[in-house]
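[1] quick one, fold the following:
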Amino acid sequence: MPEFLPDSQLVLEPGDIFLTKGTSFVSKAIRFFTRSFGEKRTRVNHVGLIVEQGSVHSAMAVEALARVKRHPLGRYAKKRTTGVAAFRPIDLPDEQRSRIVAKANGYVGRQYGWTKIVTHLLDWGLKGAYVFRRLTHDDDYPICSWLVAHAYLAADMTFGVPAGAANPDDIWDYVVANTDEFTQVRDLIPLTPGE
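    Residues are numbered from 1 along each chain as shown. Okay, here's the model as predicted:
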């Protein structure tokens, strides 16, 4: 198991991906329904992007909640049972990093894409086939994984699935398996209180 810097020493960079594992009923349902048939248990239920450098508590994040918001990642310190992991792209050129951050920031203020959740569920019923999610290609109403996948797509990068089909588990599986492209900089544990 890798050694991670303590939160007090870790600096997150623009383009870093954070993934969370909550304990609420909704979080558990998301993990259940994003698990592919025959796959190991899903570890995460939410994903977002770091868009401005800072400590674990001060780094600015963009994530799709009821609306797409930009705020310090430190908001998760109040959720003492929510695990937060972070992954960093390896050798990401500044030009690509800028495109990822610009795309993510471009979503701020948009409404959450509730219809995309329905199409994810319908495709889950089809054993993960990418059928109904193709119908919700509208970029105006993102969900968390859509935001991250499309931000990375702006830099010609994918997570092994079409951007419109990506869910938090797909992104987790990809960044964990592709250690030549991503390195884990924070374990999936709750944030330490601070700052």
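
[2] where in the protein is pLDDT low?
    1, 22-42, 112-141, 194-195 (pLDDT under 70).

[3] need the strands for it, in chain order.
    Assigned by DSSP state E, the chain shows strands spanning 11-12, 17-21, 46-52, 54-55, 60-64, 68-72, 83-89, 182-189.

[4] for residue 145, find the nearest of those.
    When the strands of the chain are compared by CB to CB, strand 46-52 sits nearest residue 145, at 5.5 Å. Where you see a C-beta, it was placed from the backbone N, CA and C, and this is true even at glycine.

[5] how far does the closest one sit from its chain's centre?
    6 Å (CA atoms, centre = their mean, to the nearest Å).

[6] which strands or helices does it pack on?
    With contacts taken as 3 or more CB pairs under 8 Å, 6 or more residues apart in numbering; DSSP states H and E, strand 46-52 sits against strand 17-21, strand 60-64, helix 94-106, helix 144-153, helix 168-177.

[7] how far off helix 94-106 does the fourth one point, in degrees?
    Taking axes from the mean of the first three to the mean of the last three CA atoms, to 10 degrees, one finds helix 144-153 and helix 94-106 inclined to each other by 150 degrees.

[8] report the contact partners of the residue nearest to the spatial centre of the chain.
    Nearest residue to the geometric centre of the chain (CA atoms, centre = their mean): residue 47, 2.0 Å. By CB atoms under 8 Å, 6 or more residues apart in numbering, the contact list for residue 47 reads 17, 18, 19, 20, 63, 144, 145, 148, 168, 171, 172.

[9] which one of these is nearest to residue 102?
    Among the contacts of residue 47, and counting by CB to CB, the member closest to residue 102 is residue 148, at 13.9 Å.

[10] for the residue lying closest to residue 161 once chain neighbours are set aside, give its distance to residue 154.
    Nearest non-adjacent residue to residue 161, counting by CB to CB, 6 or more residues apart in numbering: residue 170, 5.1 Å away. Distance, residue 170 to residue 154, using CB to CB, to the nearest Å: 18 Å.

[11] returning to what we had before: which of the contacts of residue 47 sits closest to residue 97?
    For the contacts of residue 47, the nearest to residue 97 is residue 17 (12.2 Å; CB to CB).

[12] count of neighbours near that closest one?
    If you count neighbours by other CB atoms under 10 Å, residue 17 ends up with 25.

[13] how about it: what's its closest non-neighbour residue?
    Of all residues not flanking residue 17 in the chain, residue 87 sits nearest, at 4.8 Å (CB to CB, 6+ apart).

[14] who does that neighbour bridge with?
    Beta bridges link residue 87 to residue 17, residue 184 when assigned by DSSP bridges.

[15] all set now, cheers.
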